[in-house]
Structure formats: structure tokens, C-alpha cells
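> fold the following for me, if possible:
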Amino acid sequence: MEKNDKKSNNVLPDYSSFFKGAEDNGKVPAKVLKSIFKSNKKEFTISTLLYFVKACALWIVPIVTANVINIVTTPAEPNHSLYALFFNCIILLILIIQNLYTHVLYINYTSKALRNVGVGLRNSLIKKLQQISLTYHKELQSGALQSKFIHDVEAIESLLNQLVINLFACIVNVVITVIITVVKSPAVTAFFAVIIPLNVLIVYLFRKKMRVTNKNYRKEVENVSSKVTTMLEMIPITKAHGLEDTEINKMESSLLNLRSAGMYLDHINARFSSSSWVTSTALSAICLMFTGFLAYTGKITVGEVVLFQSYFSTISGNIQSLLNIYPEITKGTESIKSVSEIMISENIENNSGKIKLRYVHGTVQFRNVYYRYPHMTKNVIKNFSLDVDPGECVAFVGSSGSGKSTIMNMIIGSLDATDGEVLIDGKPMGLLNLHDYRKFISVVPQNCILFNGSIRDNITYGIKNVTEDELQKVLELANINEFLAALPEGLDTIVEEHGGNLSGGQKQRISIARALIRNPKIIILDEATSALDNISEFHIQKAMSSLKKDRTTFIVAHRLSTIRDADKIVVMENGEGIESGTFEELINKKGKFYNLKTLSEINT
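Down below sits the predicted model:
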């Protein structure tokens with residue numbers, strides 16, 4: 001049993017299914033919350049039972065207090081003996097002391113459920129972010145994603161905390177206190193009933209405005225978070241061009257908007273809190289006068305004045321808490337809607353039921369392919385056709401924005417043709433299980449992406465059981481040994497964030513080694529040698545010439561030395577392949593490629 005518990009504690013919950021079937025944004029919070037409570041039913045049930053035990057002191061202590069006051073003020077009354085006094089005092093102590101243990105148990109079970117929610121939501125978000133398409137990732141700003149992952153999940157955790165610990169407690173306390181009051185005095189009960197509609201009226205008056213202001217504030221937080229992320233990425237460029245003041249001014253404008261939205265939200269919350277407090281406090285004073293009058297006229301005892309005043313304070317305080325919870329509920333439900341924007345997105349790569357490739361030969365065919373990005377009317381790829389045989393090396397050249405990288409992303413499977421089709425070994429890309437297909441390809445992007453870890457970890461990323469011989473061969477092919485000896489820990493040198501302790505050429509060679517160690521059948525090099533000096537590029541070109549055997553290679557490059565030995569060069573312009581052939585064929589043709597080649601020679 002203990003082993004099973006430990007095993008279950010190591011499994012993170014997945015709440016992805018909670019968002020399915022709730023595409024109506026207004027119904028999402030209710031469905032998600034219902035699913036969360038259902039999945040943690042055991043913990044919430046036990047914590048509920050424990051709450052009734054631990055909280056019984058709140059309801060019984062006023063009764064015991066009233067008994068003690070009545071005993072000491074009217075000792076001549078029957079049953080008002082010294083024994084009765086001691087008995088009530090012992091009950092009082094037991095009720096107080098039991099809370100020491102039951103409260104800890106209550107929090108333990110409640111905490112287990114609430115902490116599950118936080119990690120479950122973040123785990124679900126991580127899985128979803130790995131599933132959604134590249135185009136959707138490009139539409140989402142990274143700062144907004146971070147805000148959803150951190151701040152919105154925290155707001156949902158806070159919402160559940162309010163619902164489970166505060167809202168439930170407040171409702172139970174009010175209900176039980178009202179029941180006892182009904183039994184004790186219908187007249188006082190009728191008076192108590194007045195405070196509920198008055199406080200509910202305050203919530204009604206502020207509800208819409210609080211919902212709108214919370215939503216506006218969340219949008220401003222996401223906007224600032226996104227701009228901070230962009231600013232940090234731009235710091236090298238900003239400093240290089242002396243644009244620090246420009247960036248500061250841009251951020252100051254966003255921060256001013258955030259401050260205004262936050263101050264307005266605080267203003268609305270303050271008006272809401274003060275109005276509800278004044279109402280509750282004023283009614284409490286009236287209650288004291290009313291029960292005092294009843295005691296003066298002999299309708300109730302002196303002890304019952306204290307009893308009803310305590311109960312009134314309990315009801316008033318709990319309704320006050322309910323009113324104060326409302327902003328958190330509004331904020332939390334808005335955050336559930338925010339998270340659901342990602343969780344209910346259908347813009348994902350669906351590999352279910354698709355062809356799982358056991359082997360890739362490397363045949364790639366484009367058949368009258370068109371592509372346009374979502375929400376755009378202009379095609380960025382137009383009527384593109386190309387046949388690539390296994391083992392061929394195909395280079396793409398052309399000006400920026402001509403469609404080269406888009407073609408590469410279609411080979412990877414990150415983008416789907418809007419018309420026409422791309423075939424891998426004769427099979428349409430749309431029918432392939434892309435997860436399995438990508439095990440046979442390697443990509444070296446233009447911007448090298450390294451994570452904080454050792455050089456060894458960066459090279460072997462995602463590959464298990466790499467032998468030392470395999471690793472050394474890749475180090476030699478990628479010309480990494482040339483600089484490795486100069487590093488303090490060699491292969492175990494830790495790469496700083498974004499590879500800050502490495503040169504551009506060193507980072508690119510690590511990125512190339514990461515691609516080579518996967519032993520791919522298709523290699524995609526998107527400006528992979530752009531940051532290398534001439535000597536390093538020579539070594540890489542030499543390595544690549546031996547790797548081309550039995551591998552299909554796609555190269556995007558501006559350097560003619562990188563593409564001179566390609567089996568086929570495709571010249572791109574405005575999304576179309578306007579020329580193709582070998583280097584010599586295109587030079588002899590004296591067309592677009594010839595002009596590019598001449599221009600390249602002039603620039604060098």
C-alpha cells in the first residue's frame with residue numbers, strides 16, 4: 001500500500017480533458033472547476049469532514065459562553081450550579097484543544113488537493129504547448145505564454161483556495177449559525193435575514209465593473225510581460241545602436257498603462273470593500289441595540305445577548321469574507337478562460353491513426369505546392385514543384401523573404417501545404433505520423449539554440465546510450481575538437497544561458513554536432529555555416545561531403561562555397577522556384593543565379 005502511494009505521488013496529474021467540450025468561453029470555468037473537484041474527490045471529502053470537526057468550536061463556544069454568563073448572573077436558577085459551570089468550562093477547553101490536531105489534518109488533505117491542481121494545470125499546459133502547431137506558437141507572444149503559465153495558474157490556485165477554504169467555510173458557518181439562531185429566537189432570526197440581501201446587493205452593483213477591470217488588468221500584465229521578453233532579447237542590438245532610451249521610453253509607456261489599469265482595479269476593489277464593511281459594521285451596531293432591547297424587556301437572557309451578538313458577528317464576518325472573496329473569484333475565473341485559450345485550441349499536430357514510418361529513404365517531392373500563413377490572403381509559396389532523390393544535396397538561394405525557410409519548415413512538417421502536397425518516400429506528408437518521421441531527420445537552424453547544461457548534454461540532447469566512439473566521431477566531423485581543449489572542463493563545460501560563453505561559430509558547430517549524432521536520413525541546414533570563419537567552414541564542408549552519402553541534404557545558404565557542390569540549386573523569388581540546376585548549369589544560363597553569384601563576388 002505504501003509503495004503504491006509513493007508511486008502515485010510521483011505521477012503528475014493531467015487536466016487536459018477538463019477543457020474539452022467547453023469551447024463556450026462562459027461555461028469553461030464551471031466545467032473546469034467541476035472536473036477538478038471530481039478528480040480530487042477523496043481529498044476534498046475527507047477535508048470537508050475534518051472541517052466540521054475542527055470548526056464545531058465556532059458554533060458551540062458562543063452557546064457555552066452564554067451558559068456561563070447565565071449561570072454566574074443568575075446562580076439561584078435551577079441547574080445553575082457550580083458543577084454546571086465547571087462542566088461548561090471543560091467542554092470549552094476540549095473544543096479549543098481538538099482544533100490543534102484536526103486543523104493540521106484538514107490543511108494536509110486540502111493542501112494535497114490544491115497543490116495537485118497547480119502542478120496538474122502546468123503539466124497540462126506543457127503537454128499542450130508541445131502539441132500545438134508552429135504557426136500557433138508564432139501567433140502567441142512568449143511573454144503572454146509566461147503570464148498564462150505562471151500568473152494565471154497562480155490565480156486559479158488562489159481561486160480554488162478561496163472556494164475550498166474560505167467560501168465553503170463561510171457558507172457552512174452562516175448556515176449552521178442561522179439554524180441555531182432559528183431554534184433560539186425567531187425574532188432575532190428575522191432581523192439577521194436583513195443583512196443578507198443588503199450585502200448581496202453590493203455584490204450585484206459591483207459585479208460587472210469588477211469583471212471588466214480584472215480582464216483589462218490581466219491584458220496589460222500580459223502585454224508588459226511580452227514586451228519585457230522582447231526587450232531582453234533585443235538588449236545586444238539596443239546597446240550596439242545606443243537605443244537604450246528608446247527602449248526605456250517604450251517600456252515606460254506600457255508600465256504607465258499597467259499602473260493606470262492596476263490603480264483603477266484597486267480603486268474599484270477599495271470602493272467595494274469599504275461599502276461592504278460599512279454596511280456590515282452598521283448592522284452589527286443595530287443588532288447590539290436590538291438584542292439589548294429584547295434582554296431589557298425580558299424576551300431573552302443576558303447570556304443570549306452575547307450569544308446572538310457573537311452569531312451576528314459570525315454571520316456578518318462570513319458574509320463580509322464572501323464579499324471579499326468575490327474579486328478573487330472574478331480574477332480566477334478570468335484566468336481559467338485565459339488558460340483555456342491554449343488548452344481548447346485545435347491548432348495542433350494530430351498524429352493519431354497516421355502512418356508510422358519504420359524507415360526513411362530520403363525521397364522528397366513537392367507537387368504544385370502553395371502555402372499562405374493563417375489570417376493572410378497572399379501566398380508565400382506559389383506553384384512550387386521539386387523532385388529530390390535519396391542522397392541528393394539540394395541548395396536553396398534567394399533574397400530574404402523569398403520562401404526558402406518556409407520550404408524547410410514544410411519538409412520538417414511544421415507547416416502544411418494549403419494546396420498541392422509534399423511527399424516523403426511517395427507518401428503524402430499529411431498522412432504521416434510526424435513524431436515518428438522526425439526521428440529520421442536532423443535540423444540545424446540559423447539561430448543556434450543551446451540550453452543551460454554541458455556541451456555533452458547539448459550534443460546528445462534526446463539521444464540515449466551514445467557511445468564515446470560515436471561522440472568522438474561527431475566531435476571530429478563538426479570540428480569541435482579544434483576549440484574543445486581550450487575550454488576549462490572540455491565536453492563537460494557548462495553552456496551559459498543562450499550560449500553566452502561561446503562564440504557564434506562554436507555554438508553553430510555544437511548545433512551541427514547535435515544534428516549529426518542522430519544519424520539522420522534527411523539533413524536540413526538553414527544558414528548553418530553563416531557564423532563560421534573560413535577555416536571552420538572548410539572543415540564542416542569537408543565533413544558534410546562525407547555525410548551526404550545515403551542522406552538527403554537541404555541547404556539554405558548565402559555563401560557560394562556552401563552550395564557549390566550541391567547536386568541541385570533552386571533559386572527562389574517571391575515564393576516561386578524560378579531556376580534550378582547544378583552550379584555550372586545555372587552559371588552558364590546567366591540568369592538570376594548568375595546575377596546573385598556576381599553580386600556575391602563583388603561584396604566579398
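> what about the helices in the stretch 101-250 of the chain?
Ranges of helices in the stretch 101-250 of the chain, per DSSP state H, counting those that start in this stretch, are 134-139, 142-147, 153-161, 168-184, 186-192, 195-240, 244-296.
> what's the most buried one of these?
Across the helices of the stretch 101-250 of the chain, averaging neighbours per residue (mean count of other Cβ atoms under 10 Å) puts helix 153-161 on top, at a mean of 20. No exception for glycine: its C-beta is placed from N, CA and C like everyone else's.
> run through who's touching that helix.
The contact list for helix 153-161 (Cβ atoms under 8 Å, 6 or more residues apart in numbering) reads 33, 36, 114, 117-118, 121-122, 125, 328-329, 331-336, 339.
> quick check: angle from that helix to helix 195-240?
170 degrees (axes from the mean of the first three to the mean of the last three Cα atoms, to 10 degrees).
> which residue ranges of the stretch 351-500 of the chain form strands?
Assigned strands in the stretch 351-500 of the chain, in chain order: 364-371, 381-388, 393-397, 419-424, 427-428, 441-444 (criterion: DSSP state E, counting those that start in this stretch).
> format the ones you listed as JSON lines; extra columns: mean neighbour count and mean pLDDT.
Converted to JSON lines, the strands of the stretch 351-500 of the chain look like this (neighbours: other Cβ atoms under 10 Å; pLDDT from 0 to 100):
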{"stretch": "strand 364-371", "mean neighbour count": "19", "mean pLDDT": "95"}
{"stretch": "strand 381-388", "mean neighbour count": "18", "mean pLDDT": "95"}
{"stretch": "strand 393-397", "mean neighbour count": "24", "mean pLDDT": "91"}
{"stretch": "strand 419-424", "mean neighbour count": "18", "mean pLDDT": "94"}
{"stretch": "strand 427-428", "mean neighbour count": "16", "mean pLDDT": "94"}
{"stretch": "strand 441-444", "mean neighbour count": "22", "mean pLDDT": "87"}
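> can I get those in a markdown table including distance to residue 293?
Converted to a markdown table, the strands of the stretch 351-500 of the chain look like this (distance: least, Cβ to Cβ, whole Å):
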| stretch | distance to residue 293 |
| --- | --- |
| strand 364-371 | 82 |
| strand 381-388 | 86 |
| strand 393-397 | 92 |
| strand 419-424 | 85 |
| strand 427-428 | 86 |
| strand 441-444 | 83 |
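> of all those, which lies closest to residue 586?
Among those, strand 393-397 comes nearest to residue 586, with 9.3 Å by Cβ to Cβ.
> what pairs with that closest one, parallel or antiparallel?
As defined by DSSP bridges, the strand partners of strand 393-397 come to strand 552-556 (parallel), strand 568-573 (parallel).
> pLDDT of the first one, averaged?
What that stands for is strand 552-556. Mean pLDDT, strand 552-556: 91.
> so which elements touch the helix or strand just after that strand?
Note on strand 552-556: by DSSP states H and E, the next helix or strand toward the C-terminus is helix 560-563. When contacts are defined as 3 or more Cβ pairs under 8 Å, 6 or more residues apart in numbering; DSSP states H and E, helix 560-563 sits against strand 393-397, helix 534-547.
> where in the stretch 51-200 of the chain is pLDDT low?
Residue ranges of the stretch 51-200 of the chain with pLDDT under 70: 133-144, 195-196, 199-200.
> re the thing from before, whichever of the contacts of helix 153-161 end up buried, select them in PyMOL.
Command for PyMOL, covering only those of these found buried under the criterion 16 or more other Cβ atoms under 10 Å:
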select buried, resi 33+36+114+117+121+122+125+328+329+331+332+333+334+335+336+339
